[in-house]
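1. model this:
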Amino acid sequence: MVKRGRPNLKLFTTEGRLATCALLAILITAIVTSITIGPTSTVRNAYADNTWYVGKGVQPNTYYTYQVQNGDTDNGQPFLITLYIKQYNSTGQYWVVPAYVVTQGEVFKGIFHLSDLDMSVLGTSQIPDNMSKYASAYATSLHWLASFVTKATPQSVTSAYWGKIASIGGSPVAPSGSAKVTTAAGTFDTTRISYHKGVDNNIWISSNLPFPVKAQTFADVTTGNPPIQYAFELLATGKGSPPPPKSQFEIPKPPLTIQTARGTYYIKLLWEPATIQVGQNTKFGVVFQDNSQNTVSEVSYSIKITETNGKVITDLHDQKAPDGTGLIQGIKFDKPGPANILVTVDAVAGQPMGDFVENANFKVVASGAGTTAAAAPPGASPSIAPAKPIPQSPPSSTANNTTTTPPSSTAQAGGAAAGNQSSSNPNSNALSKIPILGKLFGG
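-> Numbers count the residues shown, from 1 in each chain. As a prediction, this is how the structure comes out:
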């Protein structure tokens, strides 16, 4: 007879259950460890690639050229900025970045020290006084998203929330979809970062670039069409040192239009002859419009014309524009080169502006012996390219998934009439063909 043994009940005792749990824990740990070494590593890498921050992917010996329009700089008129990421300073933990700004043919150069943490301009930077406002413009445009995403706090491009703008109201700053964006620098697969405050504001980022590709945002106003807060577009990028831009006066063509800083008025400046000649009489016209671009009547205004060295050519006050248009004749420029024309709205319909300043500062160029100048299309921005041809229009953006059209700018000359003006005959009376300006220029 076979003697059957009694079943081992040790596994069913408290001691047995503890031993079993310990064994299971070891097995689970082994499985998790195995997964971590393999697939989870891939998942982590994929997640890392799905994040972005200002400065991500920055490399030495690389340059980026942008056209930037900032509402707080030069009355919102666009300028070009080239950032050459030359090398990394490991001691100070910053990037050494020679920077060039081209605006209305003038060239400014400085050396930015950009923090490795968030690409902010450090106090050790070597920035001349005449370039400081453009460093500030960089901080409030190309660098703006660093308020939400830095190297220490990257964000997923699929996240539902990046942060909130400081002003009251409006939607959060967050990714809002993908878009293929084409600029002069090429075509980029981007993620659109958006927020809504009265209107849609959009910034397009690419995972391969340390700065956004493109942006268009608007100032926060309570009424009327909001003016541009900042807009920019990548125009060129490449390896190696870009050739430094050279000074060359771009001769703007009339009319030029600038929206005042508060967004209340548009001021349009025009003149004849279209090419201002030293020593010859020039006739200037001014048109005042509200923020819906309807002509404003009963305007009192001032106009001041100065050379770049500060010499005042004329300073007129209490000028009247009963129907919203004004005329100033007999202005002579004594020397060739750029000049500033400041037009200030003093009162409308008898109501003074009070504490608010509503003005626009235009830059024109007088031609004469010794002037090196290149005629620009009506309202065009400087076209001095550090690497490749640059489109002569400021950036704009749309909320569509494909953006290819260069933006229009209120700080530029606008309208079909300006675009159709022939540059081959600069002294033609083309301005008189524009209905509202006919009475000013002999139409």
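
2. how about Ala219, nearest residue that isn't a chain neighbour?
-> Gln229 (4.5 Å; CB to CB, 6 or more residues apart in numbering). Every residue, glycine included, has its C-beta placed from N, CA and C.

3. run a quick neighbour tally on the one you found.
-> Residues near Gln229, counting by other CB atoms under 10 Å, number 21.

4. next: Ser90.
-> There are 8 residues near Ser90, going by other CB under 10 Å.

5. show the pLDDT at the closest residue to Asp346 other than its chain neighbours.
-> Nearest non-adjacent residue to Asp346, counting by CB to CB, 6+ apart: Ser300, 4.5 Å away. Here the pLDDT value assigned to Ser300 is 97.

6. surely Ser300 and Leu316 touch.
-> No - if you go by CB atoms under 8 Å, Ser300 and Leu316 don't touch, sitting 11.4 Å apart.

7. the more surrounded of the two?
-> The neighbour comparison of Ser300 against Leu316 (other CB under 10 Å) goes to Ser300, with 21 against 13.

8. measure the residue nearest to Gly324 when sequence neighbours are not counted to Gly354 for me?
-> Leaving aside its sequence neighbours, Gly324 sits nearest to Thr295 (CB to CB, 6+ apart; 3.9 Å). As judged by CB to CB, to the nearest Å, Thr295 and Gly354 stand 23 Å apart.

9. ok, and the closest non-adjacent residue to Glu272?
-> Lys283 (5.0 Å).

10. quick check: phi and psi at that neighbour.
-> For Lys283, the backbone dihedrals are phi -110, psi 130 (criterion: degrees, to the nearest 10).

11. okay, now it: neighbour count?
-> By other CB under 10 Å, neighbour count at Lys283 equals 17.

12. which parts of the stretch 101-250 of the chain are strands?
-> Secondary structure of the stretch 101-250 of the chain (DSSP state E, counting those that start in this stretch): strands at 106-115, 155-156, 174-183, 186-197, 199-205, 214-218, 228-239, 249-251.

13. so what does the third one touch, helix or strand wise?
-> This points to strand 174-183. strand 186-197, strand 199-205, strand 228-239, strand 402-403 (3 or more CB pairs under 8 Å, 6 or more residues apart in numbering; DSSP states H and E).

14. that strand pairs with which strands, parallel or anti?
-> In the sheet, strand 174-183 lines up against strand 186-197 (antiparallel), strand 402-403 (parallel) (DSSP bridges).

15. those strands: lowest mean pLDDT?
-> For these, where the average pLDDT is lowest is strand 402-403, sitting at a mean of 50.

16. for Ser367, list the residues it contacts.
-> Shown in contact with Ser367 (CB atoms under 8 Å, 6 or more residues apart in numbering): 251, 275-278, 336, 373.

17. bridged to it, which residues?
-> Gln277.

18. equivalent analysis for Val68, please.
-> Bridge pairing for Val68 - DSSP bridges - gives Phe79, Phe232.

19. do Trp271 as well
-> Phe284.

20. leaving aside the residues next to it on the chain, what's closest to Asp323?
-> Per CB to CB, 6+ apart, closest to Asp323 is Ser297, 5.6 Å.

21. quick one: pLDDT of that neighbour?
-> At Ser297, the model reports a pLDDT of 95.

22. need the three-state assignment for it.
-> Here Ser297 is coil, with the state taken from DSSP: H, G, I helix; E, B strand; the rest coil.

23. how close does it get to Glu358?
-> Taking CB to CB, one finds Ser297 at 16 Å from Glu358.

24. same list (the strands paired with strand 174-183) but as a markdown table, adding mean neighbour count and distance to Leu327.
-> Output for these, formatted as a markdown table (neighbours: other CB atoms under 10 Å; distance: least, CB to CB, whole Å):
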| stretch | mean neighbour count | distance to Leu327 |
| --- | --- | --- |
| strand 186-197 | 18 | 40 |
| strand 402-403 | 18 | 41 |
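
25. now those in JSON lines, with distance to Met119?
-> Below are the strands paired with strand 174-183 laid out as JSON lines (distance: least, CB to CB, whole Å):
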{"stretch": "strand 186-197", "distance to Met119": "16"}
{"stretch": "strand 402-403", "distance to Met119": "24"}
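
26. tell me which of the ones you listed lies nearest to Gly350.
-> When these are compared by CB to CB, strand 186-197 sits nearest Gly350, at 33.7 Å.

27. mind giving me the domain split of this structure?
-> The chain breaks down into these domains under automatic domain parsing: 62-239, 254-375+413-437.

28. and those: which comes nearest Trp52?
-> domain 62-239 (5.5 Å).

29. hang on, the earlier thing: so the residue nearest to Glu272 makes contact with Gly326?
-> No - contact between Lys283 and Gly326 fails when scored by CB under 8 Å: they sit 11.5 Å apart.

30. so how many other residues sit close to Thr223?
-> Counted with other CB under 10 Å, Thr223 comes out at 10.

31. state the distance from it to Ser292.
-> 10 Å.

32. that older thread, list the contacts for the residue nearest to Gly324?
-> Thr295 sits next to 287-289, 323-325, 436 when contact means CB under 8 Å, 6+ apart.
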